[in-house]
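S.K.: Return atomic coordinates for the entry below.
(chains A, B, C, D, E and F)
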There are 4 protein chains.
Amino acid sequence: MERQALEPRSPRGRATKATLVAAARRVFEREGFPATHIAEIAAEAGVATGSFYTYFNDKNEIFAAVMDEVQEEMLHPVLSEPPAGSGPVAMIEAANRAYLESYRRNARLMGLLEQVATIDDEFRELRRQRWIAFAKRNAGSIARLQEQGLADTGLDPYLAATALSAMVSRVAYSNYVLGEEAPLETLVETLTRLWASALRLPDEG
Amino acid sequence: MERQALEPRSPRGRATKATLVAAARRVFEREGFPATHIAEIAAEAGVATGSFYTYFNDKNEIFAAVMDEVQEEMLHPVLSEPPAGSGPVAMIEAANRAYLESYRRNARLMGLLEQVATIDDEFRELRRQRWIAFAKRNAGSIARLQEQGLADTGLDPYLAATALSAMVSRVAYSNYVLGEEAPLETLVETLTRLWASALRLPDEG
Amino acid sequence: MERQALEPRSPRGRATKATLVAAARRVFEREGFPATHIAEIAAEAGVATGSFYTYFNDKNEIFAAVMDEVQEEMLHPVLSEPPAGSGPVAMIEAANRAYLESYRRNARLMGLLEQVATIDDEFRELRRQRWIAFAKRNAGSIARLQEQGLADTGLDPYLAATALSAMVSRVAYSNYVLGEEAPLETLVETLTRLWASALRLPDEG
Amino acid sequence: MERQALEPRSPRGRATKATLVAAARRVFEREGFPATHIAEIAAEAGVATGSFYTYFNDKNEIFAAVMDEVQEEMLHPVLSEPPAGSGPVAMIEAANRAYLESYRRNARLMGLLEQVATIDDEFRELRRQRWIAFAKRNAGSIARLQEQGLADTGLDPYLAATALSAMVSRVAYSNYVLGEEAPLETLVETLTRLWASALRLPDEG
DNA sequence: AATGAATGAGGTTTCATTCAT
DNA sequence: TATGAATGAAACCTCATTCAT
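M.R.: Residues are numbered from 1 along each chain as shown, chains lettered A, B, ... in the order given. Predicted coordinates for the structure are as follows:
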């Protein structure tokens, strides 16, 4: 036999699996990763302990399923669109606001991912990959600004992007996971101002 | 006989306790917090399992002892002194360099603290306190620069300090714990430039 | 609704049952008795787990069905016929050869029967019955030889038959199940010679 | 940590380990290998379940310990010595009697070994090694008889030894494990006569 | 007849903590 | 103080069997 973890073949099975993922999400948020036990997920889902193993091999596997859902939600934020045709500062502001908002919405689980990443190599790598992708995107936009003569050309675009992204994500973590609780708009404003100045962007009208 | 956790009275006791802390540090670094077991700490120290409880009530307690040691080391860095009488940028640079160097020296344990902070409320609070103290110090120095008309007065000093410190600490974490590995001098240079620009400090020299 | 285990009524049912027995045989040979699980038999047969219970109540029952098939095969060996009208030694030789050949053909399952017999009383009894029948047949032929003054009359025919049959079957087991691997003809020759001498049969031509 | 299974360091520990082995022996004899559960061994020994794991990693390990004890007992049988200076038949008789007696004494556990050997490769190999050693010893003595012109030189000594030993051991198994129950003396007599005749040894006085 | 999801009792194993010596 | 054996509550995971569809 070796392993199982089947994909459900019937609607009923699909429903049960979904119920389990939803239940797991709640328990993880409530208890944190180490204190979450298989039996409790099953109980929360209203199924027998054994049924958990019909769909997942272990806690990691269902955690990954939960995080997939979360990522989905973070990728499709209800965008407060950057005003088309606006300048780079406005775009940075829009990006920062979008990031902080979606982070706030999923604060518990973002904290959880942070937690698990410190414990489990598999998830550490996952987070690292996402982070690199994110930084590269920002690096590209910084490089473009440099080419347009708008941003400080004395900066390495990738390093600068990493550092500034780190700043934003860490502030988000502090506020929404650790509970520092400054108002969103203040954060957006400060971070955007710091970011723009750090790049030495010219003031926008 | 509710509790114990004696302070050692004899020299022999003191030696044993020290041995345990040193052993714990090694095991924590090797295994991470959750995978470190009391029995293994005792074995590493070459004492019986039961002896652990002569000095500590649980894993948290010895972890705190280890972190105290580390903090000691981080507070007394072999300073690359900021050139006396130099300008603010040079001071920021010196501070960043000092921070990154001491972080690098204790990378494993800083990662550990991060890890434990996500798991245990007690340590989360501890880290938060340290963080606030650190940010306040930086906030003070930003406020002073503002008063001197050197730094952007449009920034809230405390928020700005928090954000910029977050940037530096997160970059340190990425590099030395997750293993991104950019050269120290490049990091110092980039972070300092970003920090100075973010505050809109005038160019030095 | 205490029990089930229907005899299939439709051709489709008969086909499914046969598929299950064939699948079980393969799984038993591959995994051994204790490591064979109902679910795997069903999977190997390409039917749902539940369908197993339409035809069998448990693992023992399907194992019995498999062993029936095997017995069938062992009873109809492609006989290397004993030369008609030949002497007793030639007949013993033919019997030994036939036994070893069919044992070799079904080595995996003979080992399996051995295995299960050590675990399950039901099968132990089954094997014992077969063994007694076999020994009695041999006892009869020894008694006949004694009456003809050809075999050692100092031997109890049943005991002698048991012991000599034990010798042959154990050698077969050693070779084909445990993998000792002496050539068939050498085995036949040695066993026959020992058997004949043990009975003090006169040399044949 | 990885593993444990310590050798006891105190007399108390040694006592407990011995108690566990003795208890395991009783439970194995009573229940057979697959039906023996760790918890029951511990209960029979009057210790907590967890204590089992202080000394053994799993069921196999304690079973090996039990079998070591048994082997010890079988190697030091209370010998019914072969009459010094007697002929080969008397020696064969003495050997057969000794073998059957010690087999009878440890019948349950010999059956157990047979059982486990069919299930577990480790023990199968162990039994095979013992068997080969035993057969080689017998082969040597047959070869010697051949050199003296006393035994049938048409036989391969190793094959003959294997086959005749198989006969004896299988008869022992039948009688004492499966419960065929012929009287010891009858068995000794018959087996010895068959063995001697099979080798065509000359009648002894 | 067939399906495959659901069950849950039953076993194994771990490890923080206690305690007699 | 030091020892290290003993404890036992948890947690994990398996798999034969049932059952609604």
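S.K.: hmm, stretch A:41-57 touching DNA strand E?
M.R.: Yes. Stretch A:41-57 lies within reach of DNA strand E by CB under 7 Å from any atom of the strand, at A:Val47, A:Ala48, A:Thr49, A:Gly50, A:Ser51, A:Tyr53, A:Thr54. (C-beta placed from N, C-alpha, C; glycine too.)
S.K.: Point out the ones among those residues that are inside helices.
M.R.: Those of these mapping onto helices are A:Thr49, A:Gly50, A:Ser51, A:Tyr53, A:Thr54, per DSSP state H.
S.K.: Work out the gap between the helix or strand harbouring A:Thr162 and the centre of the chain.
M.R.: Using DSSP states H and E, A:Thr162 sits in helix A:157-172. Helix A:157-172 sits 14 Å away from the centroid of its parent chain (CA atoms, centre = their mean, to the nearest Å).
S.K.: That one and chain B, any residue contact?
M.R.: Yes. Counting by CB under 8 Å from any CB of the partner chain, contacts between helix A:157-172 and chain B involve A:Leu159, A:Ala160, A:Thr162, A:Ala163, A:Leu164, A:Ala166, A:Met167, A:Ser169, A:Arg170, A:Val171.
S.K.: and which of these is nearest to D:Glu114?
M.R.: Minimum distance to D:Glu114 across the residues of helix A:157-172 next to chain B is 65.1 Å, recorded for A:Ser169 (CB to CB).
S.K.: residue contacts, that closest one?
M.R.: A:Tyr99, A:Tyr103, B:Arg170 (CB atoms under 8 Å, 6 or more residues apart in numbering or on different chains).
S.K.: what residue lies at the spatial centre of chain A?
M.R.: Nearest to the geometric centre of chain A sits A:Met110, at 5.7 Å (CA atoms, centre = their mean).
S.K.: Quickly note the distance from that one to chain D.
M.R.: Distance, A:Met110 to chain D, by CB to the nearest CB, to the nearest Å: 33 Å.
S.K.: Find the nearest non-adjacent residue to that residue, please.
M.R.: A:Tyr103 (5.8 Å; CB to CB, 6 or more residues apart in numbering or on different chains).
S.K.: next one: A:Gly46
M.R.: According to CB to CB, 6+ apart, the nearest residue to A:Gly46 is A:Thr19 (7.3 Å).
S.K.: Go through the one helix or strand the one you found maps to and flag the buried ones.
M.R.: For A:Thr19, the host element (DSSP H and E) is helix A:11-31. Neighbour counts over helix A:11-31 (16 or more other CB atoms under 10 Å in any protein chain shown) mark A:Thr16, A:Lys17, A:Leu20, A:Val21, A:Ala23, A:Ala24, A:Arg25, A:Arg26, A:Val27, A:Phe28, A:Glu29 as buried.
S.K.: and the two most separated of those residues?
M.R.: So, these by CB to CB: farthest apart are A:Thr16 and A:Glu29, at 20.5 Å.
S.K.: Is the longest helix belonging to chain A in proximity to chain B?
M.R.: Criterion DSSP H: the longest helix present in chain A is helix A:121-147. Yes. In terms of CB under 8 Å from any CB, part of helix A:121-147 sits within range of chain B, namely A:Arg124, A:Arg128, A:Trp131.
S.K.: where does chain A have low pLDDT?
M.R.: A:1-3, A:75-84, A:204-205 (pLDDT under 70).
S.K.: OK, now which residue of it is nearest to DNA strand E?
M.R.: A:Gly50 (1.7 Å; CB to the nearest atom of the strand).
S.K.: what does the domain assignment say about chain A?
M.R.: Chain A breaks down into these domains under automatic domain parsing: A:11-63, A:77-198.
S.K.: Just confirm the residue nearest to A:Gly46 contacts A:Ala45, I think it does.
M.R.: Yes. At 4.7 Å, A:Thr19 and A:Ala45 qualify as touching, with contact defined as CB atoms under 8 Å.
S.K.: which parts of chain A sit against DNA strand E?
M.R.: So far as CB under 7 Å from any atom of the strand goes, chain A lies against DNA strand E at A:6, A:8-10, A:12-13, A:15-16, A:47-51, A:53-54.
S.K.: repeat that for 10 Å
M.R.: A:4, A:6-17, A:19-20, A:39, A:42, A:45-55 (CB under 10 Å from any atom of the strand).
S.K.: and chain A, which of its residues are near DNA strand F?
M.R.: A:1-5, A:10-12, A:34-42, A:48-54, A:56-61.
S.K.: what's near enough to touch the residue nearest to A:Gly46?
M.R.: A:Ala45, A:Gly46, A:Val47.
S.K.: In the residues you listed, which residue is surrounded by the most others?
M.R.: A:Ala45 (21 neighbours; other CB atoms under 10 Å in any protein chain shown).
S.K.: residues in contact with it?
M.R.: Contacts of A:Ala45 (CB under 8 Å, 6+ apart): A:Thr16, A:Thr19, A:Leu20, A:Ala22, A:Ala23, A:Ala24, A:Ser51.
S.K.: B:Phe28 versus the residue lying closest to A:Gln146 once chain neighbours are set aside, what's the distance?
M.R.: Using CB to CB, 6+ apart and skipping residues adjacent in sequence, the residue nearest A:Gln146 is A:Thr153, 5.0 Å away. Remark: distance between A:Thr153 and B:Phe28 (CB to CB, to the nearest Å) = 44 Å.
S.K.: Narrow the residues of helix A:157-172 next to chain B to just the buried residues.
M.R.: Neighbour-count burial (16+ other CB under 10 Å) applied to the residues of helix A:157-172 next to chain B gives A:Leu159, A:Ala160, A:Thr162, A:Ala163, A:Leu164, A:Ala166, A:Met167, A:Ser169, A:Arg170, A:Val171.
S.K.: Now tabulate those in TSV and tack on distance to A:Gly87.
M.R.: TSV is the format used below for those (distance: CB to CB, whole Å):
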residue	distance to A:Gly87
A:Leu159	24
A:Ala160	19
A:Thr162	24
A:Ala163	22
A:Leu164	17
A:Ala166	24
A:Met167	21
A:Ser169	24
A:Arg170	26
A:Val171	23
